[in-house]
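Asks: Whatever this is, show me its structure:
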Amino acid sequence: MSFVNMKKLALLLALMLLVPYGWAKEAAPVAEDPEIERRMIALSEDLRCLVCQNESLAGSRADFANDLRREIREQMHANKSDKEIVDFLVARYGDFVLYRPPVKSSTMFLWFGPFIFLLIGAVLLVIYLKRRRNQIEEPMLSEQQRKQAESLLKGSKGNNA
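Replies: Residues are numbered from 1 along each chain as shown. Sure, this is the predicted structure:
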């Protein structure tokens, strides 16, 4: 390898090692009050991120989740109880923000819908299988076919030993 190629290779290697530092983000600030931070994390574990939808508010990295966590911290600094904070979020975003929504008329389908569909599917399967069984007819063998089958069975008994 020539000296010029070695320089290019060294430059390429240096660039490859430095690129990840450009992607790094600023570290999240440490909480001013560890008690409030612990309380906020415990509360946000039971809340759904409205952007990610299958992730808790505590585990989400979405900007909206950061805003909601900040809002929760502010309300905790204002000495609001966890129930008051949850009620505020439910009033603002609906029951969907809760991982365990309450059983009420607007969430009945959410709670019992899967069981209803399972029951309907089982009933339809039973009806289908009963109809299918009634449609299947036993094939009737002619006398010649029956004798042929018997002779084949008798002949195969002696060959299997």
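Asks: how far out from the middle of the chain is the longest helix anywhere in the chain?
Replies: What stands out as the longest helix in the chain, according to DSSP state H, is helix 108-135. Its chain's C-alpha centre and that of helix 108-135 lie 24 Å apart, by Cα atoms, centre = their mean, to the nearest Å.
Asks: cool, stretch 121-141 as well?
Replies: For stretch 121-141, the separation from the chain centroid amounts to 36 Å (computed by Cα atoms, centre = their mean).
Asks: Just the CA coordinates for it, please, in PDB.
Replies: Taking C-alpha atoms only, stretch 121-141 is exported to PDB below (Å, rounded to 0.1, in the frame of the first residue of the first chain):
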ATOM      1  CA  GLY A 121     -66.800 -17.900  17.000                       C
ATOM      2  CA  ALA A 122     -67.200 -21.100  19.000                       C
ATOM      3  CA  VAL A 123     -71.000 -21.200  18.400                       C
ATOM      4  CA  LEU A 124     -70.400 -20.600  14.600                       C
ATOM      5  CA  LEU A 125     -67.800 -23.400  14.600                       C
ATOM      6  CA  VAL A 126     -70.200 -25.900  16.300                       C
ATOM      7  CA  ILE A 127     -73.000 -25.000  13.900                       C
ATOM      8  CA  TYR A 128     -70.700 -25.400  10.900                       C
ATOM      9  CA  LEU A 129     -69.400 -28.800  12.100                       C
ATOM     10  CA  LYS A 130     -72.900 -30.100  12.700                       C
ATOM     11  CA  ARG A 131     -74.100 -29.100   9.200                       C
ATOM     12  CA  ARG A 132     -71.000 -30.600   7.600                       C
ATOM     13  CA  ARG A 133     -71.500 -33.900   9.500                       C
ATOM     14  CA  ASN A 134     -75.100 -34.000   8.200                       C
ATOM     15  CA  GLN A 135     -73.900 -33.400   4.600                       C
ATOM     16  CA  ILE A 136     -71.400 -36.200   4.600                       C
ATOM     17  CA  GLU A 137     -72.900 -39.400   3.400                       C
ATOM     18  CA  GLU A 138     -71.500 -42.900   4.000                       C
ATOM     19  CA  PRO A 139     -70.400 -44.300   0.600                       C
ATOM     20  CA  MET A 140     -72.400 -47.500  -0.200                       C
ATOM     21  CA  LEU A 141     -70.300 -50.300  -1.600                       C
END
